[in-house]
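Curious how this folds, go ahead:
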Amino acid sequence: MCFNWLVLYLFGMTVLCHGKSTYDVRLESFVGLEGEEKTLVNYTGIKLVGRERFLNGSTHFAIDLIDDVKISCKLFTLEVGIWVPMVYGISQITPCELSIAYFLNYINPDNLNTNYPKDATAYCPLPKGEYWIIDDWVSFMKRGLVKLHMEYWLYGKGIGGFEIVANVYDRIF
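From the prediction side, this is the model:
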């Protein structure tokens, strides 16, 4: 299974489905971020559950994610106790561009356990509403602690987002 489309390309624009990966990902934390004035994109309903630390819960979009909404992603790795920016990142991309450029190129949407749309055209625009996810996921990435900070912007103001920290480690066969 894969994680929802917003987080799928978070750890390095990579394939995030069960497969022949040589390493695993353990989610360490997930935090929904508030908007500057209003939180129109709300991830506070997603939690890590169980010993397996699966993501479970829902996100709420109070507006349609049209081209006026921009998304930025910053990726970091923990090096000697300091979060260091990685070369991966996305700056001011629309939800439509993000879904077409990354979502369909890196995952098989049929493997998602979610009510997020299964094809790019449904993201152009993504209708407001509540979207749920019940999932575990596997990735490949630099080993160690990795953090993604994803924010949504509307007319230059932050309207919500999330931050997730994961530990990437070698799989024991």
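
residue ranges of the strands in the chain, please?
Taking DSSP state E as the criterion, the chain contains strands spanning 23-33, 41-49, 54-61, 69-79, 82-93, 129-135, 144-154, 157-170.

Give me the sheet partners of the third one and which way each runs.
Pointing back at strand 54-61 there. strand 41-49 (antiparallel), strand 129-135 (antiparallel) (DSSP bridges).

And the ones you listed, which one averages the lowest pLDDT?
Lowest mean pLDDT within these: strand 129-135, at a mean of 81.

For Lys74, give me its contacts.
Neighbouring residues of Lys74 by Cβ atoms under 8 Å, 6 or more residues apart in numbering: 85, 89, 148-150. Where C-beta positions appear, they are placed from N, C-alpha and C, glycine not excepted.

could you point out where this structure is predicted with low confidence?
Across the chain, the ranges flagged by pLDDT under 70 are 1-23, 103-112, 135-142, 173.

on that earlier part again, relative to Lys38, which of the contacts of Lys74 is nearest.
Proximity of the contacts of Lys74 to Lys38 was ranked by Cβ to Cβ; the top entry is Met150 with 17.6 Å.

Any idea how many residues pack against the closest one?
23 (other Cβ atoms under 10 Å).

doesn't Phe162 make contact with it?
Yes - using Cβ atoms under 8 Å, Met150 makes contact with Phe162 at a distance of 5.7 Å.

So Asn113 versus Ile134, what's the distance?
5 Å (Cβ to Cβ, to the nearest Å).

Correction: the previous question concerned Thr59.
13 Å.

These two: which is more packed in?
Applying other Cβ under 10 Å to Thr59 and Ile134 shows that Thr59 carries more neighbours, namely 22 against 15.

Thought Tyr131 was touching the more buried one, still the case?
Yes - with contact defined as Cβ under 8 Å, Thr59 counts as touching Tyr131 (5.2 Å).
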